[in-house]
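Trainee: Give me the fold of what follows.
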Amino acid sequence: MIRLGISVEGATEREFVSRVLAPELARNQVFASPIDMRGRVSLQRISREINSLLAMFDYVTTFYDFYGFQKRPQGDVEALEIAISELVSPGQRHRLMPYVQQYEFEALVLAAHDQAEAVMAIRSLSDRFKKIVADSGGAEKVNDGYDTCPSRRIKALAPQYEKKFHGPVILEEGLAAARVGCPRFDAWLTQLSQLAAQG
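Mentor: Just a heads-up that it's a prediction; the model follows:
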């Protein structure tokens, strides 16, 4: 049995971990607990949090959005993950698996297009989501411009979308589709699923 602490950006990610990821990981004897940062995530804020969590859990990971990350360092999402890993001592880094969603949680919702249409009951929503993804070259490449970030694109097509509610509900049925459409996310979840097998 592995105890995994997941430092999450806010309420949406907390609900997603509790309702979707935790049951999925528990099948592999990895028991995940979300710890909510309540937004405005920055390296300075998470440094204390992560080091505290390493004293409480066998492993720690993160689930933050690249979009909106406060005072993020120069570089891409991988550079930010490296910067997060450097917040802990070298001897603890094997227990920390930083993950930053590129670019936003809603990339997962865009990838789960059929489930999004079913949950929000908007005709042809799936086709519109697929076009956004195709035009961007993938769900994880829908960029982080103010008007073009995943959440605003979804709200433009589905004004009733409430991320804390709809996101986790869509992904309860759409996790497999999200994994297919979001390779970085899939690789992270695979890594977490294998923790117990590593001993």
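Trainee: Identify the residue spatially nearest to I46, adjacent ones excluded.
Mentor: Nearest residue to I46, sequence neighbours excluded (C-beta to C-beta, 6 or more residues apart in numbering): S7, at 6.3 Å. C-beta coordinates here come from the backbone N, C-alpha and C atoms, glycine included.
Trainee: cool, N143 as well?
Mentor: Nearest non-adjacent residue to N143, counting by C-beta to C-beta, 6+ apart: Y103, 6.1 Å away.
Trainee: any idea how far Q70 is from the one you found?
Mentor: Using C-beta to C-beta, to the nearest Å, Y103 is found at 15 Å from Q70.
Trainee: With M37 instead?
Mentor: Applying C-beta to C-beta, the value for M37 to Q70 is 11 Å.
Trainee: Check Q101 too.
Mentor: Taking C-beta to C-beta, one finds Q101 at 15 Å from Q70.
Trainee: which SS class is the residue nearest to N143?
Mentor: Using DSSP: H, G, I helix; E, B strand; the rest coil, the structure places Y103 in coil.
Trainee: just the helices in the chain please.
Mentor: 11-16, 22-26, 43-54, 77-85, 106-111, 113-120, 125-136, 150-157, 163-181, 183-193 (DSSP state H).
Trainee: who has more neighbours, Y103 and Q70?
Mentor: Between Y103 and Q70, counting by other C-beta atoms under 10 Å, Y103 is the more crowded of the two (24 against 12).
Trainee: Correct me if wrong: the more buried one contacts D65.
Mentor: Yes - judged on C-beta atoms under 8 Å, Y103 makes contact with D65 at a distance of 6.8 Å.
Trainee: Now the residue of the chain positioned farthest from its centre: closest residue in space, sequence neighbours ignored.
Mentor: Using C-alpha atoms, centre = their mean, the residue of the chain lying farthest from its centre is R123. It sits 26.9 Å away. In this structure, R123 finds its nearest non-sequential neighbour in E117, 7.7 Å apart by C-beta to C-beta, 6+ apart.
Trainee: List the residues that contact that neighbour.
Mentor: Contacts for E117 (C-beta atoms under 8 Å, 6 or more residues apart in numbering) come out as 123-126, 129.
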